[in-house]
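Enquirer: I'd like to go over a predicted model; first the sequence, then the structure.
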Amino acid sequence: MRLLAIDFGTSNTVAVVRNADGRSRPLLFDGTPLLPSAVCLDPAGALLVGRDAERAARGDPARFEPHPKRRIDDGVVLLGGREVPVTYLVAAVLRRIAVEAERQIGGVDEVRLTHPARWGEPRRSVLVAAALAAGLPPPRLVVEPVAAAAYYPTVLGAAMPPGRALAVYDLGGGTFDAAVVRRTVGGFDVLAELGLSDLGGLDFDQALVEHLGRGYAGTRTELWHGLVSPDDSQRRRQRALLYDDVRAAKELLSRMSSADVHLPALDIRAHVTREELESLIRRQLLQTVNCLARTIAAAGLEPADLVGIFLVGGSSRIPLAARLIHAELGIAASTLDQPETVVAEGALCHGTPHSPGQPADPAGRPSRHSGPGASAAEPGNPVAARWGGPAELGDPVAARPDGPALASGPEPGAVWSVAGPAGSSVGRTAPGSGRAAAAPTTPAGGFWYGTTGLVWTGSLAVLVAVALVVLVAVAGAG
């Protein structure tokens, strides 16, 4: 069985595959396991992902969303004057992974998708819907700290018998999460979890940029302001180069004592030391350590009760983080060379969903629907078929047995999935055309139900616009 585990992150997304022979490896995107989670809507209406999105955004930042995970509660996001469901943004990232998995290993049979411990059912439903929209198999959800805890004894060889607990310190690009996870006979339990939703590596980048401005702008404040708050395409490209260089310098300072940063527009190469960076971010890192300490206390434990503290997330490789943990809690934290991949790797080791309230059916399909203008009906024995291509304005989403469209999309967008009773047929998307080749049809007495982003239902002309819309088409019911 070919297994795919995905850690959808604020700044970057990581995917790890396990082949049928049991060997695992990360998927590579442009030669690196880190796929930027950024998306950009191009003028033709396609969603670009990763570094392609970052490059496109330099010319038109209004079409760019660098951190879709931070927008998970927003429903829709405005890109270039157009409202795009946030589910589509997440799906675009996951679709890039699905395409790469198909190219590199010929597709996957099972998917495990991680999420923060604090995410409730609405956020998890968006994640599941996005995975289906991306053409992936129905995913099994794994809580991020549980995935990390599953990986801890595997990679470090540390004993973690049932009853013992591990603290997970997860410092990523946009958020910080702390959790205490206890090993049980059958798996893992999250005893406590806290977090800081607005603190991560991006904030460290910003602190360094502001420090450079104070030190090097001098009398050229107008040039500096134009660089960090650009109003034309040239300055936007220069700003992107500045932040890329700052990020690279920050990462280099985790290994070296100094680094240089080129300041476009000013044409200056600034010298930065690790000591300078640590002085800028010490207060924020102390906030994460204090949050970790509160989490351990909330679990009813002392630091000495733990089998260890596991550092995960790309920003956790900053040496000051481990030093502050040791100074404040008296424990030497454990880390790896690539802490960014820990959660995805761990999801391969632990596939049982932990979160209470996970949808019983990963596809989000209901067993009954009684909405305006539709009769209640049991789906019976449905068979699902993904209809993954984009749907143009007016393309049928579902059809009655006699042929007329029962619902159609009011604007271009992806048809996520269509399902019907055994023996039913479904139209397929014509390759490369962007339009449906045929409408779904059902036998007499059958029905279709599907999930789309925005649909008009029947003749009621009622717009349903929610994170996951369930449309039930009942035929032959009167």
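Expert: That came in fine, so what should we check first?
Enquirer: centre of the chain versus stretch 192-202, how much separation?
Expert: 15 Å (Cα atoms, centre = their mean, to the nearest Å).
Enquirer: Endpoint to endpoint, that stretch covers what distance?
Expert: 26 Å (Cα to Cα, to the nearest Å).
Enquirer: Identify the residues contacting it?
Expert: Stretch 192-202 is contacted from outside by 10-11, 67, 116-118, 145, 171-180, 247, 250, 284, 287-288, 291, 294-296, 298-299, 313-315, using Cβ atoms under 8 Å, 6 or more residues apart in numbering. Quick note: C-beta positions are derived from backbone N, CA and C, even for glycine.
Enquirer: I'd like to know which of these are buried.
Expert: Using 16 or more other Cβ atoms under 10 Å as the burial test, the contacts of stretch 192-202 include 10-11, 67, 116-118, 145, 171-180, 247, 250, 284, 288, 291, 295-296, 299, 313-315 as buried.
Enquirer: list the helices and strands the host helix or strand of residue 240 packs on?
Expert: Using DSSP states H and E, residue 240 sits within helix 233-252. Taking 3 or more Cβ pairs under 8 Å, 6 or more residues apart in numbering; DSSP states H and E as contact, the helices and strands that helix 233-252 lies on are helix 51-57, helix 201-216, helix 221-228, strand 258-263.
Enquirer: quick check: angle from the second one to strand 258-263?
Expert: Put simply, helix 201-216 runs at 80 degrees to strand 258-263, going by axes from the mean of the first three to the mean of the last three Cα atoms, to 10 degrees.
Enquirer: average pLDDT across helix 201-216?
Expert: The average pLDDT within helix 201-216 is 93.
Enquirer: Same question for the first one.
Expert: Confidence over helix 51-57 (mean pLDDT, whole number) is 92.
Enquirer: Tell me, what's the model's pLDDT at residue 118?
Expert: On the pLDDT scale, residue 118 gets 88.
Enquirer: do the same with the one 5 residues further on
Expert: Looking at residue 123, its pLDDT is 92.
Enquirer: Then residue 350?
Expert: Listed pLDDT for residue 350 reads 73.
Enquirer: Start from the N-terminal end of the protein and give the helices.
Expert: Listed in chain order, the helices of the chain (DSSP state H) span 51-57, 86-105, 121-133, 144-156, 201-216, 221-228, 233-252, 274-298, 319-329, 342-349.
Enquirer: quick one: the fourth one to helix 342-349, angle?
Expert: Right, the one you point to is helix 144-156. Using the same axes, to 10 degrees, helix 144-156 lies at 80 degrees relative to helix 342-349.
Enquirer: Return the distance of helix 144-156 from the chain's centre.
Expert: Its chain's C-alpha centre and that of helix 144-156 lie 19 Å apart, by Cα atoms, centre = their mean.
Enquirer: Also the last one?
Expert: The gap between the average C-alpha position of helix 342-349 and the chain average comes to 15 Å, counting by Cα atoms, centre = their mean.
Enquirer: all numbers from here: first residue = 773
Expert: Understood, numbering begins at 773; the last thing we discussed is helix 1114-1121.
Enquirer: which helices and strands does it pack with?
Expert: Applying 3+ Cβ pairs under 8 Å, 6+ apart, one finds that helix 1114-1121 makes contact with strand 775-780, strand 784-790, strand 796-798, strand 882-887, helix 916-928, strand 1080-1084.
Enquirer: of all those, which lies closest to residue 1031?
Expert: Ranking the helices and strands packed on helix 1114-1121 by proximity to residue 1031 (Cβ to Cβ) places strand 784-790 first, at 20.5 Å.
Enquirer: Check which strands are paired with the closest one and give the direction for each one.
Expert: Strand 784-790 pairs in its sheet with strand 775-780 (antiparallel), strand 796-798 (antiparallel), strand 807-808 (antiparallel), by DSSP bridges.
Enquirer: what is the mean pLDDT for that strand?
Expert: Rounded mean pLDDT across strand 784-790 is 95.
Enquirer: Which residues outside it are in contact with it?
Expert: For strand 784-790, with Cβ under 8 Å, 6+ apart as the criterion, the contacting residues are 774-779, 796-799, 805-809, 865, 869, 872-873, 876-877, 880, 945, 1086, 1112-1113, 1115-1117, 1119-1120.
Enquirer: Which pLDDT value belongs to the closest residue to residue 1101 other than its chain neighbours?
Expert: Nearest in space to residue 1101, with sequence neighbours left out and distances taken as Cβ to Cβ, 6 or more residues apart in numbering, is residue 1075 at 4.4 Å. pLDDT for residue 1075: 96.
Enquirer: which residues does residue 1075 contact?
Expert: Residue 1075 is in contact with 939, 1065, 1068, 1081, 1101-1103, counting by Cβ under 8 Å, 6+ apart.
Enquirer: of all the residues you listed, which two lie farthest apart?
Expert: With Cβ to Cβ as the measure, no two of these lie farther apart than 939 and 1102, at 12.5 Å.
Enquirer: doesn't residue 1081 make contact with residue 924?
Expert: No: Residue 924 is beyond contact range of residue 1081, at 10.0 Å (criterion: Cβ atoms under 8 Å).
Enquirer: looking at the helices of the chain, which is closest to residue 1033?
Expert: Residue 1033 lies closest, by Cβ to Cβ, to one member of these: helix 1005-1024, at 4.8 Å.
Enquirer: Tell me which residues of that closest one come out buried.
Expert: For helix 1005-1024, using 16+ other Cβ under 10 Å, the buried residues are 1007-1015, 1017-1019, 1021-1024.
Enquirer: Of these, which is the nearest to residue 1043?
Expert: Using Cβ to Cβ, the buried residues of helix 1005-1024 come closest to residue 1043 at residue 1021, 9.8 Å.
Enquirer: which ones are touching that closest one?
Expert: So residue 1021 contacts 980, 1031-1033, 1044 (Cβ under 8 Å, 6+ apart).
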